[in-house]
Each structure stands twice: as C-alpha cells, then as structure tokens.
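Asker: Could you look at this predicted model? Sequence included:
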Amino acid sequence: MTRYLVRRLVFLLVSLALASIVLFVLLRMLPGDPANALTSVGASPEQIAAARHSIGSDRPLPQQFAHWIGQLAGGDLGTSFVSSLPVGPEVAQRLNVTVPLTLSAFVLAVLIAVPAGFLAAYKRHTWYGALLNGVSQLGIAVPVFWLGMILIAVFALNAGWLPSGGFPQDGWDAPGDAISSLVLPVVTVALVMSASLIRYVRSAALDVLGSEYLRTARALGSSFGRAMWRHGLRNAAVPVISVLGIELASTLLGAVVVESVYALPGLGSLLATGIAQHDYPVIQGVLFVSTLAVLLIGFAADLVQRIVDPRLRGRLSGGGVR
C-alpha cells in the first residue's frame with residue numbers, strides 16, 4: 001500500500017505539472033489582450049504598452065511561466081490584473097459557496113440514486129421498476145439550466161417559498177439565509193446527477209443479483225438481505241465508487257452553469273468574470289484549484305476502491321500495475 005500511495009502521489013504531481021503547462025499555454029493562445037481591460041476605449045499605444053508592462057504580459061512567455069510556477073510553489077495564486085487583489089483569498093471566498101453546493105448536491109444525489117437504482121434492478125419486471133428506469137433515462141437528457149429555471153418558476157416566483165437566486169452578503173454568518181439560497185441550486189444539481197447515477201447503480205445491482213456467489217449464499221440458507229449485505233454490497237460498490245468520483249469532479253467543474261442560473265458568487269462566476277476580462281491570474285487560479293480538486297477526487301476514489309475490494313489490494317501487494 002505504501003508503494004501504491006507513493007506511485008499515485010508522483011502521478012498526481014506529474015499530472016498537475018502537465019496541466020499547469022497546458023493551462024498556461026492555452027491561455028496565451030486565446031485572442032485578446034489583457035491590457036485592454038486596464039485601459040479605456042481609444043487608449044494610445046503608449047498607454048497600452050504601459051499597461052502590459054505593469055502586469056508583466058510584455059515579458060517572454062518562459063519568464064512569465066517561471067514566475068507563475070514560482071508563485072505556485074510558494075502557495076501564491078498571483079494577483080488579479082484588474083482588481084490588483086490577491087487571487088488566493090478570492091478563490092477561497094468563492095469556495096465557501098461552491099464547495100457546500102457541490103458536496104450537498106452530491107450527498108443528496110447518492111441518497112436518491114442508491115435506493116432508487118437498487119429498486120429499479122430488484123423490481124425490474126414491475127411497472128414501477130420500469131418507471132424508475134425510464135425517469136432516469138429522461139433525467140439524463142434534461143439540461144441543468146432548464147431544470148433550474150423550472151424550479152425557480154415553481155418554488156421561488158409562484159410559491160415564494162425560496163429565493164430565486166443570489167447569496168447573502170454576510171455569507172455563512174447568516175446561516176439561515178445562506179442555506180435557503182442554496183436549496184434550489186442543490187436540488188437542481190442533485191436531480192440531474194442522480195438521474196445518471198441511478199443507471200450505474202441499477203447496472204451494478206443487476207450484475208450482483210445475477211451472480212453465482214449470491215445464489216450460492218442463498219442456497220446455503222442466508223436470507224436475501226444477509227446475502228446482499230455480506231456478499232453483494234461490496235461487489236456492487238466497486239464500479240459505483242469510480243462513477244461517484246467522476247460525477248463529483250464533473251459537478252465541481254460544471255458549477256459555472258448552476259451558479260449562473262442562480263447568480264451565486266462561486267468559482268464558476270469568478271471564472272466567467274476572469275474570462276470576460278482576460279484576467280489571466282484569476283483564470284489560472286480557478287482552473288489550477290479545480291484541476292487539483294479533480295485529481296484529489298480521482299485519487300480518493302481509487303483508494304476507496306482498493307479498500308473496498310480485496311482483489312485490488314491483492315493485486316497491489318503482488319506488484320501488479322493497474
């Protein structure tokens with residue numbers, strides 16, 4: 001296990017380094033000049049040159065990249081071209097919205113998808129088993145922004161039960177207002193995510209329900225519930241864990257859509273603002289933190305799979321490479 005952890009850690013660091021290079025290069029290939037965001041319309045070439053010099057965009061690209069990597073090594077995400085404020089504290093503040101939104105939606109989606117997916121598999125020959133399967137197929141095709149607008153119209157504009165968007169200026173110092181402002185976004189993301197997860201849980205449950213080891217356990221006198229708990233649950237969980245990691249990562253990366261619909265000041269809105277203003281440090285900071293989070297989620301999902309499945313631990317101790 002130690003060798004595995006070291007190998008995965010090295011892989012994570014190499015992936016993060018490669019992602020940093022790709023991110024830096026692609027940003028510099030985009031059309032537009034970040035100096036334009038600092039100057040007024042009709043600025044003279046001298047003013048534009050002075051703006052470029054002030055933000056360092058007139059330096060050679062290798063020198064700009066070395067400067068950025070040096071800042072990252074010191075835990076500094078840089079300084080915004082537009083606001084002249086450190087990017088790190090701004091990203092941390094936006095994470096106070098994005099992380100609770102993502103994690104709450106993920107937990108709610110799992111609570112919906114796991115029992116619904118198992119029921120859809122166990123009762124697949126009944127009308128409600130077919131209904132669950134059909135609803136999950138339909139839910140996959142529903143755009144998250146469309147569902148968000150429907151929920152706003154029903155529960156915010158018509159019923160008036162919840163706010164239609166925004167986040168309190170006091171943030172989590174006003175917990176009641178903060179929670180109520182996240183209810184509709186969380187439900188929106190959770191419903192879309194659970195529709196996809198139900199399919200995977202159903203597929204994994206069908207494999208377990210048709211397995212020889214489950215039938216053998218039942219033939220030896222175990223009840224269905226006991227056989228599923230002792231033998232089926234762990235085997236069904238292994239493929240689902242990998243999907244859960246992918247869904248959590250994609251939800252974090254796709255937060256920009258939900259945050260736009262509900263006007264939430266999260267990472268997504270910060271990224272959109274940075275792109276509109278060609279604010280390279282803000283864009284790099286948000287994408288770097290998002291990339292790091294995705295890599296850590298993948299690492300955690302892989303580790304949990306090896307803890308759950310003894311076969312993977314045996315393969316690992318035997319020196320096999322996954």
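Answerer: Done, it's in.
Asker: Pull the number of nearby residues for L18.
Answerer: 11 (other Cβ atoms under 10 Å). The way it works is simple: take the backbone N, C-alpha and C, and place the C-beta from them, glycine included.
Asker: Over to it. Which of the three states is it?
Answerer: Three-state call for L18 (DSSP: H, G, I helix; E, B strand; the rest coil): helix.
Asker: for it, what are its contacts?
Answerer: With contact set as Cβ atoms under 8 Å, 6 or more residues apart in numbering, L18 has no partners.
Asker: Where do the helices of this protein begin and end?
Answerer: 2-29, 45-55, 61-73, 87-122, 127-140, 144-151, 175-209, 212-219, 224-227, 233-253, 255-261, 267-276, 280-308, 310-317 (DSSP state H).
Asker: Same list (those) but as TSV, adding mean pLDDT.
Answerer: Below are those laid out as TSV (pLDDT from 0 to 100):
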stretch	mean pLDDT
helix 2-29	84
helix 45-55	78
helix 61-73	85
helix 87-122	89
helix 127-140	79
helix 144-151	88
helix 175-209	86
helix 212-219	68
helix 224-227	66
helix 233-253	78
helix 255-261	82
helix 267-276	86
helix 280-308	85
helix 310-317	55
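Asker: out of those helices, nearest to P163?
Answerer: Closest of these to P163 is helix 175-209, at 5.3 Å (criterion: Cβ to Cβ).
Asker: buried stuff in that closest one?
Answerer: Neighbour-count burial for helix 175-209, counted by 16 or more other Cβ atoms under 10 Å, picks out 177-178, 181-206, 208-209.
Asker: Between the helices of the chain, which one is closest to W161.
Answerer: Of the helices of the chain, nearest to W161 by Cβ to Cβ is helix 175-209, at 8.9 Å.
Asker: Run through the residues that contact the closest residue to L270 other than its chain neighbours.
Answerer: Counting by Cβ to Cβ, 6 or more residues apart in numbering, L270 lies nearest to R94, which is 4.9 Å off, once chain neighbours are set aside. Under the criterion of Cβ under 8 Å, 6+ apart, the neighbours of R94 are 265-267, 269-270.
Asker: farthest-separated two in those?
Answerer: Maximum distance among the contacts of R94 (Cβ to Cβ): 9.3 Å, for P265 and L267.
Asker: more neighbours, the two?
Answerer: Counted by other Cβ under 10 Å, P265 and L267 do not tie: L267 has more neighbours, with 29 against 18.
Asker: ok, now which ones touch that one?
Answerer: Counting by Cβ under 8 Å, 6+ apart, L267 has contacts 91, 94-95, 97-98, 255-256, 259, 286, 289-290.
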